[in-house]
Structures are given as C-alpha cells and as structure tokens.
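A.B. asks: the following comprises the amino acid sequence and a computationally predicted model.
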6 protein chains.
Amino acid sequence: MYELGVVYRNIRRAERAAADGLAALGSATVHEALGRVGLLQPYLRPIYAGAQVSGTAVTVLLQPGDNWMMHVAAEQIRPGDVVVATVTSACSDGYFGDLLATSFQARGARALIIDAGVRDVKTLQAMGFPVWAKAISAKGTIKATLGSVNIPVVCAGAQVNPGDVVIADIDGVVVVPAAMAQQVADAAEAREANEGAKRAIFASGVLGLDYYKMREGLEKAGLRYID
Amino acid sequence: MYELGVVYRNIRRAERAAADGLAALGSATVHEALGRVGLLQPYLRPIYAGAQVSGTAVTVLLQPGDNWMMHVAAEQIRPGDVVVATVTSACSDGYFGDLLATSFQARGARALIIDAGVRDVKTLQAMGFPVWAKAISAKGTIKATLGSVNIPVVCAGAQVNPGDVVIADIDGVVVVPAAMAQQVADAAEAREANEGAKRAIFASGVLGLDYYKMREGLEKAGLRYID
Amino acid sequence: MYELGVVYRNIRRAERAAADGLAALGSATVHEALGRVGLLQPYLRPIYAGAQVSGTAVTVLLQPGDNWMMHVAAEQIRPGDVVVATVTSACSDGYFGDLLATSFQARGARALIIDAGVRDVKTLQAMGFPVWAKAISAKGTIKATLGSVNIPVVCAGAQVNPGDVVIADIDGVVVVPAAMAQQVADAAEAREANEGAKRAIFASGVLGLDYYKMREGLEKAGLRYID
Amino acid sequence: MYELGVVYRNIRRAERAAADGLAALGSATVHEALGRVGLLQPYLRPIYAGAQVSGTAVTVLLQPGDNWMMHVAAEQIRPGDVVVATVTSACSDGYFGDLLATSFQARGARALIIDAGVRDVKTLQAMGFPVWAKAISAKGTIKATLGSVNIPVVCAGAQVNPGDVVIADIDGVVVVPAAMAQQVADAAEAREANEGAKRAIFASGVLGLDYYKMREGLEKAGLRYID
Amino acid sequence: MYELGVVYRNIRRAERAAADGLAALGSATVHEALGRVGLLQPYLRPIYAGAQVSGTAVTVLLQPGDNWMMHVAAEQIRPGDVVVATVTSACSDGYFGDLLATSFQARGARALIIDAGVRDVKTLQAMGFPVWAKAISAKGTIKATLGSVNIPVVCAGAQVNPGDVVIADIDGVVVVPAAMAQQVADAAEAREANEGAKRAIFASGVLGLDYYKMREGLEKAGLRYID
Amino acid sequence: MYELGVVYRNIRRAERAAADGLAALGSATVHEALGRVGLLQPYLRPIYAGAQVSGTAVTVLLQPGDNWMMHVAAEQIRPGDVVVATVTSACSDGYFGDLLATSFQARGARALIIDAGVRDVKTLQAMGFPVWAKAISAKGTIKATLGSVNIPVVCAGAQVNPGDVVIADIDGVVVVPAAMAQQVADAAEAREANEGAKRAIFASGVLGLDYYKMREGLEKAGLRYID
C-alpha cells in the first residue's frame, strides 16, 4: 500500500559501476540472468528508436491527471538516475514534456519510465532524453494532489524500489534490485560472452536441436515425425 | 524482483478479528479509509454476484499456462485466508477449477483473487467459493515450472504481501497491510457510521453543494451559472 | 471544443411524454427508427440486470479523477432526467456512489450514463438507481478542477446535447435529439407493432429469405448453392 | 482463405448422440479430453447465465456491419444445430436479434456462437435462445454483401468446420471435429467419473501434492521451503 | 445524432492565416492554449514520423467496411483542408490508400485524420501525404451505404465541425473551433514564446519547485520530507 | 482442432516463382486480388520499418510461454520459407530472438510471422531478419511442452496451411493458398498495372466520382447536396 505525501531524500542507490554497465547488456540478457523475472509489462514502449540506458531509480507516485510530484522528484535526481513514475489509477495523459525534461537532464537523469503518457516527443528526441511510456498524448495535467517520491512503487506490473537499477532498450524495461546489481551484471556478461560463440555456431548451420541436445527430450515427450 | 522456487511457511498474518471485520465495510469504504490507495485494478471481477469477503493473504507466483504452485499453495492455507495469485506474464488460461477449490475450501480458504483465468464457474458458485479473476476460460494448465508461495507479489497492479488483509466485493479488491488492519477497520467503521446519516440528509433533498459547503470554492475557481 | 467552468441552468428538454414513452420501445428499436445512428459505444454496460429507462439529458463534463461537477449537476436535475457524464480523458475511477445516487434520486433522476467508473454497486441496485458505465471501481475521486454542466458533450463516442432523450437498456444506450423525440417515438412504435406480427410468421417456419424476398437479390449478387 | 458467395447444403454432421451428449460434460472437461485444444478465445461470453448446450455446427461467414448471410444460414439449419458465425474483420455490431432467433429456433437451432455483437438480449433470454458473443450492441446491420454458409471458418481464434460439435457453457466454447465426437465423449465421460471421486478425496483434506505425488518432482525442480 | 445521406457544400472555414499558423505551434501548445480541451483520443497515431500539419476540416461520416463517402468528400476538398473521417461503429479496415490520397492531394488536402484504418502506407509516405489513424490494415472496403460529408462528427472522442481547424503532429490531434482560430493562435504563440525562456532557465539548473513557487503549496498540502 | 506432438516433414509448398513474386505486389493488392479475404488481423505489426517479403509457410503451434517447437521448426525450413507461429492461448512473451533468427536465416527463412512476442529487436534489424509480431517483449520462454510443426494453424484470426504463400509488408500479412498462388499473382499484377494508370488520372484532378461513375448510384441511394 502506498504511503502518500512523502519524499525520501536519502535512498540507497545501487553501486554506480554495476548500474552503468547493465545498459550495454540489454534488457533481454539481464532479464534472463535474473531467472526471467523483473520485466515491466511490454506495453511500455520507447517514444523514439535507438535509446538504450541503465541507471538508478528515483520513483514517483502520481495522481490521475496530476503531475505535481514530477516537479518534486526533479530535486531528488542525481547524475545517473532514471526516473520511474506510476499513477494511482490508469491514465494516459501527457505528464511530462520538454520543460520537465530540461530540468531532469540538467540534474543528470538519463531517462524516464512512466506508466502513463508523455508529450513534446519531437523535442525530447532532439534533446536526446529517452522515455519509455504507455502512451503519447498532448493532454496536459494539473498540480493539485500529493503523491510521493522515492517510495516503492508498482510500475507496469513490476515492483520498483528507489535505488534499484533500471535497464531499458528496444526490448523493454527490466528492474534489478540494488543489492544484486553487480552479481547480475556478472551473470549477464557471462551469458553475453557465451551468446557470441553460439551465434557463430548457429550461423554455420548447426541446429539448436543438436547443440542443446533436445532430440532425446522431444522423443521422450512423444514427438512424432510424419513423412 | 521475484524470488523463484521458494515457499515461506511462517508468515505473519494480520490480526484475525480486524481481518474478518473488514468484509462488512466493503472495498470502497476501506479504500477511502486508506487514503485512496490499495485498490487492485478494476479489470478483476467476481465470477458470480453477491460475494463479499475479507481474509489474510496467502500469495502465489505462477508461470504462464502453469498452475503447479497452486497445489503447493494449498498446503499453506489456514482458515480465514484468501489466496492471491499472479503470473509472471499476462495469461488468461483457467488456472483454477472445482478440484483445487475443494482443496482450498477444505483448508479454510475463503476466496481466490487471481490475475488470470478460472474455470468450472458453475460448480464454484454451487460450492460457494468466490473468485475475483481477469477472465473465465476453460483452458487448462500444465505443471512444469516453479514459481513461489508467500513472497510479496504484484497482483493486478498492487503489491500484496503475505499476511496482508484482502477485501473483495462487487466494487473490487483492496489490500491493507497487516500492521494497519485494526487502524483501518476503525477508520472505515467511523466513515461508514457517518455515511448512514449523510444518506438520510441527501434523501431529504439537501444538496452536497450545501452540505459540503462547496459553493464558495466553486465560485472562487471561477464557475459561472448561465440562465 | 468544450466550454469549461459553466453551468447552463435553462435547457430545453424534450417533450416529457415522448421522452418517457421511448423506454418501453427499447434502445435497439429506437436506434433502427433513427436510421441506425445515435448509439453510444457498446462498452457502456448496465451495472445490474433488468433496468430499462428513458429520460431527458442533463450533461456533465468531468476532469480525470475528479467528480466535483457531479455535485454541481445534482442541483440542475429535474424529475425525469437522466444524467450523462463524460471525462476530458479516459479514466475508470469510481466517480459515483450511493450518496450521490441518493441526491440524484431525491431530485428525480432516473439513471446515470457515465463514460467512466462507478462504485457502491450493491447499494445502487438495492436503491433501484441504474447506471450504465465503462467500469466498476472502488477508487474514489477528488474535487479540485472545474468541468461544466449542461454543455454538449461527447459520451462514449456520441454527441449528447442537454435536453436530448436518452434510452438505456440491456442492449445499450441511444440518444435522440430533443426536437425529434415525438417523431422517433412514432416511428419506433410503428416498427415495434410490425415486429410482433413478423415474430409470429417466423415462428411458423417462414424464412426471412422468403418473407423479405431476398432470394433474387442473393442470386443477382452471385450466391451459389452447392450440394 | 475463405471461399466467398457459396452455400454448402450437404454437410456431414457429427453423429447425433455423441454431439448431444457433450453438453452435460461441459466445455472444460471436453477441452481437457481433447488434450487442451479446441477452445475458442475466452472473450466470447454467454449473454445470459445458465445456458449449457452442444450441437452440430452450421457455419456463417459475414461481412462488416452486414448480416445478410444469417438469413441464408437459417435455411440450412436442422434440429440440433448450433450456428457459428464470424466476420471478415473485427466488428461489434448487433448482427442478430429476436426475429432471427425466432427463425433459428423454429428450424431447430440450439444456440448461436458469434464473434461479433447481438441485441434484443432481453427477448432472447425470455425465448430461451442462448448466444455466446463478443459484445452486446443495439447497432443494426445492412444486407448488401455476400459471405458464405457452411465453409470452414475461424471463429474467435479457432477453426470450425461445418458439422463439427460445438459445446458452450459458462466456461466458454469448445469445438470437436465431427469424426472425433464419440471418442471425445467417451474420454470426457471417463474423466468426469474420475473427477467425482477426486472431489470427495480433496474435500476430506487430502492435498493434490500427495494425491498426485508432486512432492518429489517439486523437490527435484529445486523448490525450497523456508520456515 | 448524425444526419445521413447529405453533403454540405458551403461550409464556413476558419480564417486561412490562423489555420495555417497553428501547425508550427504544435498540438500540445495549442491544447494548453485552449484550456486543455479539444484533443482527439491518443490512440490516433501518425502512420509515419515527422509530419506536422494544420488545416480546415472537411468531415466525413462512414459506414462499417464502406468508404463510398470518401469519394464524395474528395470533391468538397479545397486547398488547405484536412479531411476528418469517422465511422458509425468501430472498424479497423483500410478505408484509404494511395489512389484516394492522390485525389485528395490533387484537390489540395494536407492530411487525413481517420478513426479507422488505412493502407498503402509506403506509398503514402513516399507521396508525403500524412495520415493519423487508429490502425494500419490491408483490408479493403465496399461502396454500398450512404454516410455524410461536412456534418458535425465525433472523431476519436472529440466533436469536429466542418471548417474547424485541425492541428496534428507526433503528440496527437487537436481541434479548434473556426471562430476561435485567431485567438487561440495568439494565445499559443504567447505561450510558445514564454516556453523558450523557461527552457533556458531550467537548463541552468533552476527547479520548477522554485520557478513556479510550488514549495509553499506543497507544504500546505502536507508534503513531508524524510531524511 | 489442433493435432499435438507431430511434425510433418513433407509439405507441399506453393510454386516458388509465384510465391516469390507476390512480395513486390504487396499485401493490400494481393488481398484485393483474393476478393478481400486472407488478411491476418492488423494487430500484427513489423518490428522494424521497410521489410517486404513473401515466401512459403512453415507453420508452428506453440504452448504458452514455451518456444520448444521453434527449435523443431528450424530443421523443417527450406530456402524461401516464412515461418508462421501461433500459441494455444494468447501470450506476449518473447518467443524468438537473435539466436533462433541466426538458425532460421542459415536455413534460408525470410521472415517470421508470430501471434506472440519477440525480442533482440536491435540485432534482428541489424541481421535483416524481419518479424511481424503482436508484441515486443524481453521475457524469455521455457522448453517443456509439445506443440506441432507443419499442421494447419490459426494465426491472428486466419487459417494458414503449411506451404501456403505468405505476403507481409507495412500494410499487414496476407495468406494465399498454395494452389492459388500463380492465379493470384496474375490477378494482382493486372490490378497493379491498372493502378499506375489510375494514379496518373487522379493526380490530374479527375475525381473517383466520375472515373468510377458513382454519381448515379449515389443519387439513386438518395444522397442530397445542400448549398
């Protein structure tokens, strides 16, 4: 249950190097390294192509049609953060545009993940400030009701704690608990290294059926080939 | 991020009397008493009309098309519990039917809240075992992959911890942290008592505009009446 | 484009007798009599079974998560009205519950049509106050931002002017311009009378193919029967 | 790919006794007996509670907003049939109402399954003519473009051939190939008999974990219990 | 309620200079200048990136799966118009392709806004004829039933009158009443001018909290900072 | 009804030249040439812009969250094939990524059409392996349950038989029965040739109203022009 009307100023961020390194590994590899958990629902999409980021989460809880807390959140941003925002009930209004993006960028934020809408997309792309959002909407918001900043939030179906690492790219958005960042980075890197070799093998025509030794399992499960 | 493959046996349930008392107050009143948070998304609907329950949460994390963990969860149920189940990715298959319901009911469960589908709805209604679900589907599931039992889960957009109080009725499903159950019950009761009086006043023709003294605020905000 | 912050007090309601008479004809027959226009989108559903109403529209424009204008609207209701409410952007929160319903009913309203959510559904049914809504949600709303009352609104895809006749039943919700109410009532009644006779003919085994003389048209269009 | 503008008059219907007997077994049991295939997508819902039918499929391919072929289909109905209708592109209009239902019932049809909308729901319920549909909509249709009758169709994601057995109840709609009707009925009956015994065992408190001997498999998969 | 089977030839278009000037200001700024109304629902998306237009509305009412009226509308287009099309019930078929676009462009139309589907997207992009649509679909339509041209329509939840100004870009589609075009252009320009200055201020690190003097309001609302 | 656990090795592919030639004609033209049938539902979208392919279908039936059969399918691919995959119930997980794509490409596959999700989109684009999918999702899958390869499947609402021709581009995905490939290619080419001439005529300002001689039909249908 959400605590309303509070801002936590001192959050424990994941270790910087681990948080930064996860971007290059990508959301799919990190998600696998986590054991196939931690993915935000796939309706969150990047508002423009090509961005791939990771950083430490500053979380925001918003009210329907109200972006007051985004201004409060701006002050809590430190370089290397990614802002993760959610709303108390489903809303596609444009909570975020070029002015807030300018503030966020000036504070060192790398991206916004928001389970709602954004606008000024052309300018956001020109500024190089990426957003993963549920919708694009020109509809603006008011500033009337308190939410919270840096409390644990549920964003697009996943629990995100302040300070967690967030990885976002074309495949989606994944959250890694702060305490596990280094260990996940190591596992993901091992996985990634391994993938390069496999790609060459498969390119040469070797089948996964043989490489992963699946034929026996399939036969046991009863698979029948019919000519 | 979900911990996979674990079952927590000793969870701290909310105090029984408070947990039981919240059913009668209803989800809307409890949700208001909480400050308008704690509601699961409204796409969860009761599979038959008339049920109104509250109880302590036993949580289940499921995999797509796989209900193995429902059987594991059955053993963890104690009288007065409500099972809260979620899936690692969106799925509408029928994870639960009359046989599992018989087990759950034998263990003392009062209801199931599931962010997925259920089946055997006719029998469930005849048995008096209510379910709040995303879908009704005859499609069955397999038993192949581990999830977890009694870890914190996100169900229909809300974080539910094992032992929390869950209130479910025609208006929806609300979760109350275990530690706040008594305090919320008190606040909701006060609210409810108050509502009865108000209903009589409004039935007599008094307007909310006057009862809540809204006219001044509306005028200040600039509302204009045009004849 | 919506005019904000205004309440029109003197609206021209459709003639009472015509407005009242349309309920018994039903939304499907009225919709046909109108030439197959005037239907609100079918995602609006009755919150309980069995209600069938018609009346004159009092319209309300709401803001996301804010039901302030519902209280303003209550004062504008006269006996025989149906309140038609919409929101400036999509929202499923519970804008309306038993207290507002008590006020609306005390003023003589017959129903609410709302392109958003409602709550206290059990009490609404007990009171006999029907609602056609997009969602049922325990989530409450605030009172902070002005909308309008009795301006033309778009509700679930249809334009509704204050004073128009609204017909709502299990098949959906239809709006009839105030000036056309009597003429549509006449056309719908003629249609309905005709339907009774047809039902008997079809029950006797006569096919629509013959009754409507469709065989020639089908043949001309190229329909081929294959044995 | 659909063949347009044709009506097949002589279809090979499943054996009557097998087709009739599947209703009592229900969609969930039949679906399991088929190996968990054959289910139409769960967005098809009964328009009123309580109906449970099975019968042989007469199929209809419709065009958007056009129900001409429903009249053509009426003539092809024989006692014990269930009409299965689909549209060439997604449409929620009300393709079917009380007059067509009167014709269908007069010809001996037991139900309609339609991947679109229906209307006159109150009368359909009074007549006892059940429909499983995607939507309820008062919006009527025209008669201008040819589709087909008794060709193989895709309805709500499942291929249905004319003469197949269709089983529909509160849990959904399942299709069984005509040639397999008797064999599936036998398998489903065996399954059903077995279920009664299991229900008693589970009601006595025996867990599925023990009854199905799942504990070893769970341990092997790595499940850990934490106290 | 829609008038069917009519074409209004003499509509009163917004003043050309004002209509043309709004494109550069963009949908988000214009929407704010209007007081946050006038936005079509955000599910309308541009079929290719980069287009930003404004113009005077020629409106079209279509029937499901039928684009006959698009041909009728072509004749009513004058240079500087934007065609705004809607359907009497939800449909995602491809109502518009390269041939109609060639006609529209030859008549001077700048864009199409359609609450339905379009096709030939590759050619439309090559021609530089932008469309904001609900879907992309190769499915064609018939020409059988009358709708209307240049009547007031509801498109994606907003009322659009013939002659109104329509502004469309990456952030969405906004409609401005013809009579307000100049006044809105002035307000939007003032707003835009102001935004440039603000962007520089925020880029320098000044927070919205201070610039908009929000701290007092937040404190009054009860916001608590926790270290 | 799906046959489970089988792989058909010898399928009858459409004639190569006809299958290859359809890509250039595009999905919209082919769909028209087929009489406006054969289109997969438009929610299938290309994961990157610019791809336009045709080829012979290798079909795959998958289970929820399980991509085992994709590996089995890889072995059945021959140069010029397009893999068409569907799931027994709706699922948006990422069933396919860069490693499988490497295998598919090594075997000669031209594209994947999948009624589910995919991942590694950046690499897929770099490799030039196009996919039409329902979703993009980083969520991986397991390998536990049998589906089938090269049985007839329903993919996004259309029946696809192994060996059929599949055409996919920005406008969508169309399936052509193997036996009709040459005839459809001829019809589509004739259509396409014809379109070029029409485009020039419409660009010169001739209206479809005149070119298609629609004025008489419109008048007969009752269209009224109002000045």
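C.D. replies: Received the coordinates, thanks.

A.B. asks: which residues touch the residue sitting furthest away from the middle of chain A?
C.D. replies: Here the centre of chain A is the reference, and by C-alpha atoms, centre = their mean the most remote residue is residue A:227, at 46.7 Å. If a contact means C-beta atoms under 8 Å, 6 or more residues apart in numbering or on different chains, then residue A:227 has F:9, F:10 as its contacts. C-beta: built from backbone N, CA, C; applies to glycine.

A.B. asks: hey, which helix or strand in chain A has the poorest pLDDT?
C.D. replies: Across the helices and strands of chain A, mean confidence by mean pLDDT, DSSP states H and E is lowest for helix A:181-203: a mean of 91.

A.B. asks: quick check: the gap between the residue farthest from the centre of chain A and chain D.
C.D. replies: In this view, residue A:227 and chain D are 23 Å apart by C-beta to the nearest C-beta, to the nearest Å.

A.B. asks: any idea how far chain B is from that residue?
C.D. replies: Applying C-beta to the nearest C-beta to residue A:227 and chain B gives a distance of 29 Å.

A.B. asks: give the contact list for residue A:66.
C.D. replies: A:141, A:142, A:143, A:144, A:145, A:147, C:65 are the contacts of residue A:66 under C-beta under 8 Å, 6+ apart.

A.B. asks: same list, the residues you listed, but as JSON lines with distance to chain D and neighbour count please.
C.D. replies: Shown next, in JSON lines, are the contacts of residue A:66 (distance: C-beta to the nearest C-beta, whole Å; neighbours: other C-beta atoms under 10 Å in any protein chain shown):
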{"residue": "A:141", "distance to chain D": "32", "neighbour count": "26"}
{"residue": "A:142", "distance to chain D": "34", "neighbour count": "19"}
{"residue": "A:143", "distance to chain D": "39", "neighbour count": "18"}
{"residue": "A:144", "distance to chain D": "37", "neighbour count": "18"}
{"residue": "A:145", "distance to chain D": "35", "neighbour count": "21"}
{"residue": "A:147", "distance to chain D": "34", "neighbour count": "28"}
{"residue": "C:65", "distance to chain D": "28", "neighbour count": "29"}
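
A.B. asks: interface residues of chain A facing chain B?
C.D. replies: Counting by C-beta under 8 Å from any C-beta of the partner chain, the residues of chain A close to chain B are A:1-2, A:4, A:34-39, A:41, A:88-90, A:152, A:154, A:157-159, A:175-177, A:180.

A.B. asks: next step: those restricted to strands.
C.D. replies: The strands, defined by DSSP state E, take in A:154, A:158, A:159, A:175, A:176 from those.

A.B. asks: which member of those is positioned nearest residue A:14?
C.D. replies: Nearest to residue A:14 among those, counting by C-beta to C-beta, is residue A:176 at 7.4 Å.

A.B. asks: any idea how far residue A:38 is from the residue nearest to that closest one when sequence neighbours are not counted?
C.D. replies: Nearest residue to residue A:176, sequence neighbours excluded (C-beta to C-beta, 6 or more residues apart in numbering or on different chains): residue A:165, at 4.3 Å. Distance from residue A:165 to residue A:38, counting by C-beta to C-beta, to the nearest Å: 10 Å.

A.B. asks: overlap of the contact sets of these two?
C.D. replies: Counting by C-beta under 8 Å, 6+ apart, the shared contacts of residue A:165 and residue A:38 are A:175, A:176.

A.B. asks: residue A:204 and residue F:106 touch, don't they?
C.D. replies: Yes. Between residue A:204 and residue F:106 there is a contact at 7.2 Å, judged by C-beta atoms under 8 Å.

A.B. asks: looking at the two, which one has more neighbours?
C.D. replies: Taking neighbours as other C-beta atoms under 10 Å in any protein chain shown, residue A:204 and residue F:106 compare with residue F:106 leading, 17 against 9.

A.B. asks: list the contacts of the more buried one.
C.D. replies: Contacts of residue F:106 by C-beta under 8 Å, 6+ apart are A:202, A:203, A:204, A:205.

A.B. asks: likewise residue A:164?
C.D. replies: Contacts for residue A:164 (C-beta under 8 Å, 6+ apart) come out as A:14, A:56, A:57, A:175, A:176, A:177, A:178.

A.B. asks: now it. Its backbone dihedrals?
C.D. replies: Residue A:164 has phi and psi values of phi -60, psi 160 when expressed as degrees, to the nearest 10.

A.B. asks: that one and residue E:218: what is the separation?
C.D. replies: In this view, residue A:164 and residue E:218 are 25 Å apart by C-beta to C-beta.

A.B. asks: please apply the same query to residue A:160.
C.D. replies: When residue A:160 is compared with residue E:218 (using C-beta to C-beta), they lie 23 Å apart.

A.B. asks: those two: which is more packed in?
C.D. replies: Ranked by neighbour count (other C-beta under 10 Å), residue A:160 and residue E:218 place residue A:160 first, with 27 against 20.

A.B. asks: what's the pLDDT at the more buried one?
C.D. replies: pLDDT for residue A:160: 98.

A.B. asks: ok, it to residue D:161 distance?
C.D. replies: Remark: distance between residue A:160 and residue D:161 (C-beta to C-beta) = 49 Å.

A.B. asks: what's near enough to touch residue A:6?
C.D. replies: Counting by C-beta under 8 Å, 6+ apart, residue A:6 touches A:148, A:149, A:151, E:223, E:224, E:225, E:226.

A.B. asks: partners of it in the sheet?
C.D. replies: residue E:224 (DSSP bridges).

A.B. asks: which residues touch the nearest residue to residue A:158 once chain neighbours are set aside?
C.D. replies: Nearest residue to residue A:158 in three dimensions, chain neighbours excluded: residue A:40, at 4.7 Å (C-beta to C-beta, 6+ apart). Shown in contact with residue A:40 (C-beta under 8 Å, 6+ apart): A:113, A:155, A:156, A:157, A:158, A:172, A:173, A:174, A:175.

A.B. asks: using TSV, lay out these together with distance to residue C:126.
C.D. replies: Formatted as TSV, the contacts of residue A:40 follow (distance: C-beta to C-beta, whole Å):
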residue	distance to residue C:126
A:113	44
A:155	38
A:156	38
A:157	35
A:158	39
A:172	46
A:173	45
A:174	48
A:175	45
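
A.B. asks: from those, pick the one nearest residue D:84.
C.D. replies: Using C-beta to C-beta, residue A:157 is the member of the contacts of residue A:40 that lies nearest residue D:84, at 35.2 Å.

A.B. asks: so that closest one touches residue B:155, yeah?
C.D. replies: No. In this structure residue A:157 lies outside contact range of residue B:155 using C-beta under 8 Å: 9.4 Å.

A.B. asks: of the two, who's got more company?
C.D. replies: In this view residue A:157 and residue B:155 are compared by other C-beta under 10 Å, and residue B:155 has more residues nearby, 28 against 23.

A.B. asks: contacting residues around the residue nearest to residue A:198 when sequence neighbours are not counted?
C.D. replies: Leaving aside its chain neighbours, residue A:198 sits nearest to residue F:99 (5.7 Å; criterion: C-beta to C-beta, 6+ apart). Residues counted as contacts of residue F:99 (C-beta under 8 Å, 6+ apart) are A:195, A:198, A:199, A:202, A:208.

A.B. asks: what does the pLDDT read for the closest residue to residue A:226 other than its chain neighbours?
C.D. replies: Using C-beta to C-beta, 6+ apart and skipping the chain neighbours, the partner closest in space to residue A:226 is residue F:8 (5.2 Å). You'll see residue F:8 listed with a pLDDT of 98.

A.B. asks: go on, residue A:1?
C.D. replies: Note for residue A:1: predicted pLDDT of 80.

A.B. asks: if I look at it, how far off is chain C?
C.D. replies: 14 Å.

A.B. asks: my guess is that residue contacts residue B:33, does it?
C.D. replies: No. In this structure, residue A:1 is not within contact of residue B:33 by C-beta under 8 Å, at 11.4 Å.

A.B. asks: so those two - more neighbours on which side?
C.D. replies: In terms of neighbours (other C-beta under 10 Å), residue B:33 is the more surrounded of residue A:1 and residue B:33; the figures are 24 against 19.

A.B. asks: wait, what's in contact with the more buried one?
C.D. replies: Contacts of residue B:33 by C-beta under 8 Å, 6+ apart are B:25, B:184, B:187, B:188, B:191.
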